[in-house]
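**Q** Make a model of this:
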Amino acid sequence: MVISVAIVEDDASVRVHLARLIEEAPGFRCAGVYPSAEDALHQIPQNPPDVVLMDLNLPGVSGIECVRRLKRDVPRVLILVLTVYEDSDKVFAALRAGAGGYLLKRTPSDQLLAAIQDLHQGGAPMSSLIAREVVRSFHHLEPHTPDVDRLSPREEEILHLVARGYHNKEVASQLGISPETVRVHLRNIYEKLHVNSRSQAVVKLLSKE
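**A** The predicted model follows:
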């Protein structure tokens, strides 16, 4: 399977580098490059890629707002934020908007390609620095999230495994159920939590704890 990737980045040299990296990597295809959120929001819904690499510091409409609108208009599109920012406020804003992963631009090329593949396979990749910021920030989140209380014990068990980085097949193996059953549970979890991505669901779960 070839993973199609679109790039939203205002820096021309970075766009060229990322497009070349994607196009030359086996199993990947560059589906488009966009210098602004406005261009991306106009073009991407017409021919959605599998994954969007999203910069946050864009002219005009911000990257975070672009994430939110893309997830509203094309829910199945997976979005990996690729940015210089590593502060927790922007991390959580991007995750709440619907981003499925968050990497720093200095991430090595091989790790970036692996993260795209991980996201496409159901993971939620984050650089170690970003992950530490997320963990540190859990202590400052809302102490109680009523939506999480609506989850069944099994759904909460599955979400805890997702929070630990397990993919659907690994969750299924751990609990002795089928991957399709895991997918059904996850759809129910998203509906109950009013979210549309694994990372958003995990943020809500951990904000309860």
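**Q** Show me this structure divided up by domain.
**A** Residue ranges for the domains of the chain, per automatic domain parsing: 3-137, 142-208.
**Q** Sheet partners, orientation included, of the host helix or strand of Val81?
**A** If you go by DSSP states H and E, Val81 is part of strand 78-83. When sheet partners are counted by DSSP bridges, strand 78-83 sits next to strand 51-54 (parallel), strand 101-104 (parallel).
**Q** just those: most buried one?
**A** The highest mean neighbour count among these, using mean count of other Cβ atoms under 10 Å, belongs to strand 51-54: a mean of 27. C-betas here are computed from N, CA, C, even on glycine.
**Q** That one: what's the following helix or strand?
**A** Remark: after strand 51-54, the chain's next helix or strand is helix 63-73, criterion DSSP H and E.
**Q** got the contact list for that next one?
**A** The contact list for helix 63-73, computed with Cβ atoms under 8 Å, 6 or more residues apart in numbering, reads 8, 37, 40-41, 44-45, 52, 54-58, 61, 77, 79, 81, 83, 90, 93-94, 97-99, 196-197.
**Q** do the same with stretch 176-185
**A** Outside of stretch 176-185, the residues within contact range by Cβ under 8 Å, 6+ apart are 154-155, 158, 168-169, 171-172, 175.
**Q** which residue sits closest to Arg106, ignoring its sequence neighbours?
**A** Nearest residue to Arg106 in three dimensions, chain neighbours excluded: Val84, at 8.0 Å (Cβ to Cβ, 6 or more residues apart in numbering).
**Q** so that neighbour makes contact with Tyr102?
**A** No - if you go by Cβ atoms under 8 Å, Val84 and Tyr102 don't touch, sitting 11.8 Å apart.
**Q** pretty sure Val52 contacts Leu82?
**A** No - counting by Cβ under 8 Å, Val52 sits too far from Leu82 to count as a contact (9.8 Å).
**Q** Which element is encountered next along the chain beyond the longest helix anywhere in the chain?
**A** Identified as the longest helix of the chain according to DSSP state H is helix 179-193. Per DSSP H and E, helix 179-193 leads on to helix 198-208 as the next helix or strand towards the C-terminus.
**Q** Now do the residue of the chain most remote from its centre, the pLDDT please.
**A** In the chain, the residue that sits farthest from the middle, by Cα atoms, centre = their mean, is Gly176; the gap is 26.8 Å. For Gly176, the model assigns a pLDDT of 93.
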